[in-house]
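1. 3D model of this:
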Amino acid sequence: MIRYLLAFVLTPLAALADSSITVSKDLRCVSSDGVPDHATGTFPNAGNPHRISKQRIRFCVDATPDYSGQAREVETIGIAINGIIIRPGTADWYDASSRRKHSRNPASGWRLDGMGAGDALGLDQNNAHVDHRGLYHYHGIADPLANARGSLIGWAADGFEIHYVGDRAQSSYQLQSGTRVTAPGGAHDGTYVQDWTYVAGSGNLDECNGAMLNGTYTYFATDSFPFFPHCLKGATIMQFR
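-> Model (predicted):
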């Protein structure tokens, strides 16, 4: 079952301070003003034309998640403990006709990876940038989260926890060998999602960057692709827009 829950993103901000986490009945809710508790890069920048804008954010997920085993792709994977959303995917594809060589046209079949194409997309020192609404979001693990006390860094949209444990969690995605058979050509270097292929057992995580931890299914942020999961396996997914 996929449940849809709009994250209310409103500007200007009224009076919402930093972030808070509450649990009530079967929901865990994270509220924030969309501005992280750490320094950010400068926006706009050469790869990103947008400005950071404070938001009114309230994301609620299942506080007692159930595992389904079915992998489902989700745009907004979850939310960090500091109230910043986690959205590892992009809406940008290689496009030879575009001045920037990428656009929202998926015809090429080569989708830019948020981290692999980080410079082109204007990611800052925290592996984050800003969308057209001014919403700051993570594409990869930020040092302030990685260095926080404990390994819990957030919750996925299905309610399961997201942890960062360094190289103890190894992705099972591997770079393809050889060169791309269609434009843009060149070696598979991680710029595009399709440069990678899932090789079961090559790491200790599944295709959604998950594994069992103390008897509970758990997601992990990793230092290599996919960095954050691109799919979820919970029975109930709150799909944020």
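
2. make it CA atoms for all contacts and neighbour counts henceforth
-> Noted.

3. so where do the helices sit in this protein?
-> Secondary structure of the chain (DSSP state H): helices at 143-146.

4. so where is it shaky, pLDDT-wise?
-> The chain contains residues with pLDDT under 70 at 1-17, 241.

5. so who does the nearest residue to residue 154 once chain neighbours are set aside touch?
-> In this structure, residue 154 finds its nearest non-sequential neighbour in residue 80, 3.9 Å apart by C-alpha to C-alpha, 6 or more residues apart in numbering. Applying C-alpha atoms under 8 Å, 6 or more residues apart in numbering, we find residue 80 in contact with 86, 153-155.

6. and which of these is nearest to residue 75?
-> Set against residue 75, the nearest of those by C-alpha to C-alpha is residue 86 (9.0 Å).

7. For the closest one, list each beta-bridge partner.
-> Beta bridges link residue 86 to residue 78, residue 138, judged by DSSP bridges.

8. burial measure for it, as a count.
-> 25 (other C-alpha atoms under 10 Å).

9. likewise residue 64?
-> A total of 12 residues lie near residue 64 under the criterion other C-alpha under 10 Å.

10. Spit out the contact partners of it.
-> 26-27, 159.

11. Please check these and keep the buried ones.
-> 27, 159 (16 or more other C-alpha atoms under 10 Å).

12. Which ones among the contacts of residue 64 map onto strands?
-> Among the contacts of residue 64, the residues falling in strands (DSSP state E) are residue 27.

13. Would you reformat the contacts of residue 64 as CSV and include distance to residue 101?
-> Listed next are the contacts of residue 64 as CSV, based on distance: C-alpha to C-alpha, whole Å:
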residue, distance to residue 101
26, 45
27, 42
159, 37
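
14. now, among the contacts of residue 64, which is nearest to residue 232?
-> Nearest to residue 232 among those, with distances taken as C-alpha to C-alpha, is residue 159, at 9.8 Å.

15. check contacts around that closest one.
-> Contacts for residue 159 (C-alpha under 8 Å, 6+ apart) come out as 28, 61-65, 234, 237.

16. Swap in 7 Å and give it another go.
-> 61-65 (C-alpha atoms under 7 Å, 6 or more residues apart in numbering).

17. out of the residues you listed, who has the most neighbours?
-> residue 61 (25 neighbours).

18. what sits against it?
-> Taking C-alpha under 7 Å, 6+ apart, we find residue 61 in contact with 27-29, 157-159, 238.

19. Repeat the analysis, applying 10 Å as the threshold.
-> Neighbour list for residue 61: 5, 23, 26-30, 78-79, 155-160, 236-239 [criterion: C-alpha atoms under 10 Å, 6 or more residues apart in numbering].
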